[in-house]
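Asks: got a sequence here, can you model it:
(chains A and B)
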Amino acid sequence: MTMHPILAALRKHKAGVVLISLQIALTLAIVCNAVFIIGQRVERVNRPTGLDENDLFLVTQQWVGAPSGDDPAGVEKLDVMQREDLAALRNLPDVASVAPSNSVPLLNSSWTGSLSLKPADTLGKGNPRTAYYFTDEQAMTTLGLHLVAGRAFNAGDVQHQGARDQRDRPVVIVTQALADKLFPQGNAVGKVIYSDGSAAPSTIIGVVARLQIPSTGSFGNDFAWYSTLVPTRLDASFARYVVRAKPGRRDAAMHAVPAALYAVNPMRVLDDDESVKSFADIRASAYRADVGMAILMGVVCLILLCVTAAGIVGLTSFWVGQRHRQIGVRRALGARKIDILHYFQIENLLIAGGGVVLGVLLAVGLNTWLMTHYEMTRIPLLYVVTGVLAMLAIGQAAVFVPARRASNVPPVEATRAA
Amino acid sequence: MFAYYFDLGLRSLKRNPALTALMVMAIGVGVAASMITYSVFRAVSGNPIPDKSAQLFIPQIDGWGPQQNRDGEPADALNYIDAMALMRARRATRQTFLYGLSMSVLPGGNQSLPVAVNGYAVYGDFFPMFEVPFLYGSSWSAAEDDGHAAVVVLSEELNQKLFGGTNSVGREITLDGHDYRVAGVARHWDPKPRFFALFNGSGFQDPTDFYLPFTRALDVQVNPNGNSCRGHLSFSGWNDWLQSNCVWVTPWVELDSASDVAGYRHFLEGYAADQQRAGRFAWAPNVRLRNVTQWLDYQKIVPTESRISLIVSLGFFAICLINTIGLLLAKFLRRAGEIGVRRALGASRREIYEQYLIEAATVGLAGGVFGLLLTAVGISGVSLLFSPEIARLAHLDLSLVGLTLTVAVLATVAAAFYPAWRAAQVQPAWQLKAN
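Replies: Residues are numbered from 1 along each chain as shown, chains lettered A, B, ... in the order given. Reported below is the predicted structural model:
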């Protein structure tokens, strides 16, 4: 079959041809970028925090009328109150272990600083940022961290300080990512580092495989895995406790927490929904926008593809109706059904081909625009190629029904008036 | 004639239900997606204080220096030393310094369990500056600011909770163990976004419960609910911390004329230069003076999700319209014979044009009604995409209903220009001959 008659026919239907190819082009541009966004969001949401997240929950509470923690006596009083709370929680039947902590991954409440190999060195000379977790000797088992080198904290390492005080940090545990950044040659355990421009050394006593920082925003992107654990209880008028329930007993343990804490001291703020929060809930609210975005993009893509396919069906049906007589003539002159079918299929391939060429340009253009205005990366070729093949396939699928109807036009149509 | 064409339009829609349904659905889905995302965008990008947004300014002074600041921009808040220097200078018509507080109150006297409440420590100028309406009483006076008075302004909501909504002026409440006398009760006031307190807040948090005098809050050492510090910190305790580089105070000034603004900017630069000369800053003056709209813009208060989803929805709507153009073209030209007869019987091109535009408008109206249903369903589902505090801002009001229908009809009519023009070009003689 020669291309000539098809091209000649297309020239007669410029408007329809332009509309379909434009629609295919725009659909390709949007679907490619939308699927790319979905892929990125899914990847972001699925990255592990390094915690064993099952059976884990967080208690956040604030004392009323407690000392402010700005003088030594106040700090000691607050520390006693915190240890009473910890003991009460550890005594609950459904609780496996409890550790105090200023934050947990994905909570978006963080204490950040910088680490260096030299004393009194500041940020901005290649020294990495880090997020601190101030906790105690039960942190490893409670958070479910995986120690890859050195040792965990023991009770002797644990100090306490007022939240506004500065205290030396003789021992710390860092993540593997942070250890690799500070000591590219390896063997970080036993090495000395300095935190926040301090002159007091901190010895790395252990390395954990992975622990995400609390921040999920763009602020934390360049140090998402650079966490440092410090064996210190922070004493302030509020406190956070990370609780690991016994396997499968999380909800029961969460339910028992308010009564246990009120029994220790009723003068505290303990909201029902916010104060006792499962880690699953913390994760859900941290990534709500990402999951929502992925769902929105998915729905938009699906509807878009349906609309475009329906548009092709509609316009091709119109053309088939218009060309009834010509089809009859061709059939009468000896064209087989398959020839007519192929005619419409090739015609659609040509139109869709033009559309996808324009669509690829639009897709790359849209991606470039998103890159300059939002935090996006270059769209990989694979997405574009898949998108092109998918659009051509959808075009062929959509054209099949009207094309088959065309191929069923009997040769006798040629003899009838239009 | 309009009614007749409208009737013809309805008949034509009925004649080809599959094609009609396709067009109505495409327009409905397209317009609904755009309206749902627009309703959120409208809520988050609005001007929270339209009549004064050009007079209210937030001064920023870089107290961290090029080593510690982010991308050369001064911090989003001031440290205590700089804030107090601006406060004492009093170079603006009105000024307030504020910080966020998380405190507790005993709603039923001493027997009840404490409840968390959130508020701001502010100066008395805060209320007239931001046009806070009062239900009972009034704000406190400048003398009470200076006297570190133990007074409080309650929100209507907290007054309802604590005093059952009665006039509570002069009564006492206990916040974190300290007593305060109620000076006034503010009528419901919750600008979105909360432009004046974006430091450590998304701008869409829960409504504020109370306001305390800044001077009093410092006296009883109420912690700010967020502060940001840089470098090696060597302080310990409240007073040391006040003198540190930690930023936590949000300043606002009211400047009435362009010359006042220029004057204040000059004053800020002079202040920073003085600090450099005094050796407190080891860097050249780096100050900013942004008004409310500039500040919201700089803080990127509109969530990225909101912008991207609006753009995607509009692109989606455009595709739906292109689809509609193609289908209308098919639908109109299929009736070329009918058009030929009408033209031969004396209808002008203009009348054909009108008839088909009105037919398109009926399609658009049907699409708009369908889109309205989808919008109503979609708005209840926006919490899927946005955090609850933002999702609750999106709602279907009369203006959105009107906009949905108008956009659907206008867009469809615009899409029909070309197909209707093609229909009007049909040659009567040619059509009649072919038949």
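Asks: if we ignore the residues flanking it in sequence, what's nearest the residue in the stretch 101-250 of chain B positioned nearest to chain A?
Replies: For the stretch 101-250 of chain B and chain A, the shortest gap (C-beta to the nearest C-beta) falls at residue B:232, measuring 3.3 Å. Using the backbone N, CA and C atoms, a C-beta is placed for each residue, glycine as well. Among residues not flanking residue B:232 along the chain, residue A:197 sits closest, at 3.3 Å (C-beta to C-beta, 6 or more residues apart in numbering or on different chains).
Asks: residue A:33 now?
Replies: The nearest residue in space to residue A:33 (C-beta to C-beta, 6+ apart) is residue A:366, at 5.2 Å.
Asks: mind listing what's buried along the helix or strand hosting the one you found?
Replies: Here residue A:366, judged by DSSP states H and E, is contained in helix A:337-373. Across helix A:337-373, burial judged by 16 or more other C-beta atoms under 10 Å in any protein chain shown covers A:340-345, A:347-352, A:354-356, A:358-360, A:362-364, A:366-367, A:370.
Asks: one more: stretch A:89-97?
Replies: Result for stretch A:89-97 [16+ other C-beta under 10 Å]: buried residues A:89, A:92, A:94-97.
Asks: do stretch A:138-151 as well
Replies: Judged by neighbour count (16+ other C-beta under 10 Å), stretch A:138-151 contains these buried residues: A:138-140, A:142-145, A:149-150.
Asks: pretty sure residue A:347 sits against residue A:12.
Replies: No - using C-beta atoms under 8 Å, residue A:347 is not in contact with residue A:12, being 11.7 Å away.
Asks: ranges for the strands of chain B?
Replies: Counting by DSSP state E, chain B has strands at residues B:56-61, B:78-79, B:94-105, B:115-122, B:134-137, B:151-155, B:172-175, B:178-186, B:210-213, B:247-254, B:287-291.
Asks: make JSON lines out of those strands and add mean pLDDT.
Replies: Shown next, in JSON lines, are the strands of chain B (pLDDT from 0 to 100):
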{"stretch": "strand B:56-61", "mean pLDDT": "96"}
{"stretch": "strand B:78-79", "mean pLDDT": "94"}
{"stretch": "strand B:94-105", "mean pLDDT": "93"}
{"stretch": "strand B:115-122", "mean pLDDT": "92"}
{"stretch": "strand B:134-137", "mean pLDDT": "94"}
{"stretch": "strand B:151-155", "mean pLDDT": "96"}
{"stretch": "strand B:172-175", "mean pLDDT": "90"}
{"stretch": "strand B:178-186", "mean pLDDT": "94"}
{"stretch": "strand B:210-213", "mean pLDDT": "96"}
{"stretch": "strand B:247-254", "mean pLDDT": "96"}
{"stretch": "strand B:287-291", "mean pLDDT": "94"}
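Asks: tell me the contacts of residue B:4?
Replies: By C-beta atoms under 8 Å, 6 or more residues apart in numbering or on different chains, residue B:4 lies in contact with nothing.
Asks: do you know the pLDDT at it?
Replies: With respect to pLDDT, residue B:4 scores 84.
Asks: next, work out how far apart it and residue A:404 are.
Replies: According to C-beta to C-beta, to the nearest Å, residue B:4 stands 40 Å off from residue A:404.
Asks: near chain B too, which of the buried residues of stretch A:89-97?
Replies: Near chain B, taking C-beta under 8 Å from any C-beta of the partner chain as the test, no member of these is found.
Asks: which ones among these lie within helices?
Replies: When the buried residues of stretch A:89-97 are checked against helices (DSSP state H), the matches are residue A:89.
Asks: which one of the buried residues of stretch A:89-97 is nearest to chain B?
Replies: For those, the nearest to chain B is residue A:89 (18.6 Å; C-beta to the nearest C-beta).
Asks: ok, the closest one touching residue A:258?
Replies: No - look at residue A:89 against residue A:258 with C-beta under 8 Å: they stay out of range, at 11.1 Å.
Asks: returning to what we had before: want to try a markdown table for the buried residues of stretch A:138-151, with pLDDT as columns?
Replies: Converted to a markdown table, those look like this (pLDDT from 0 to 100):
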| residue | pLDDT |
| --- | --- |
| A:138 | 95 |
| A:139 | 94 |
| A:140 | 94 |
| A:142 | 96 |
| A:143 | 96 |
| A:144 | 95 |
| A:145 | 95 |
| A:149 | 93 |
| A:150 | 94 |
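Asks: out of those, which is nearest to residue B:330?
Replies: residue A:144 (62.0 Å; C-beta to C-beta).
Asks: just list the residues touching the nearest residue to that closest one once chain neighbours are set aside, thanks.
Replies: Closest residue to residue A:144 apart from its sequence neighbours, by C-beta to C-beta, 6+ apart: residue A:52 at 2.6 Å. By C-beta under 8 Å, 6+ apart, the residues touching residue A:52 are A:143-144, A:244.
Asks: mind checking what secondary structure residue A:52 has?
Replies: Following DSSP: H, G, I helix; E, B strand; the rest coil, the label given to residue A:52 is coil.
Asks: could you list the domains of chain B?
Replies: B:2-47+B:303-434, B:63-254 (automatic domain parsing).
Asks: hey, least reliable of the ones you listed by pLDDT?
Replies: domain B:2-47+B:303-434 has the lowest average pLDDT among the domains of chain B, namely a mean of 86.
Asks: list the buried ones in stretch B:365-372?
Replies: The neighbour-count check on stretch B:365-372 (16+ other C-beta under 10 Å) flags B:365-368, B:370-372 as buried.
Asks: can you pull the contacts of residue 316?
Replies: Using chain A here. With C-beta under 8 Å, 6+ apart, residue A:316 has these contacts: A:344, A:348, A:398-399, A:402-403.
Asks: wrong one, chain B
Replies: Applying C-beta under 8 Å, 6+ apart, the residues near residue B:316 are A:30, A:300, A:303-304, B:29-30, B:33-34.
Asks: now the buried residues of stretch A:138-151 in TSV, with distance to residue A:235 and secondary structure?
Replies: Formatted as TSV, the buried residues of stretch A:138-151 follow (distance: C-beta to C-beta, whole Å; DSSP: H, G, I helix; E, B strand; the rest coil):
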residue	distance to residue A:235	secondary structure
A:138	17	coil
A:139	17	helix
A:140	22	helix
A:142	19	helix
A:143	21	helix
A:144	26	coil
A:145	24	coil
A:149	31	strand
A:150	27	strand
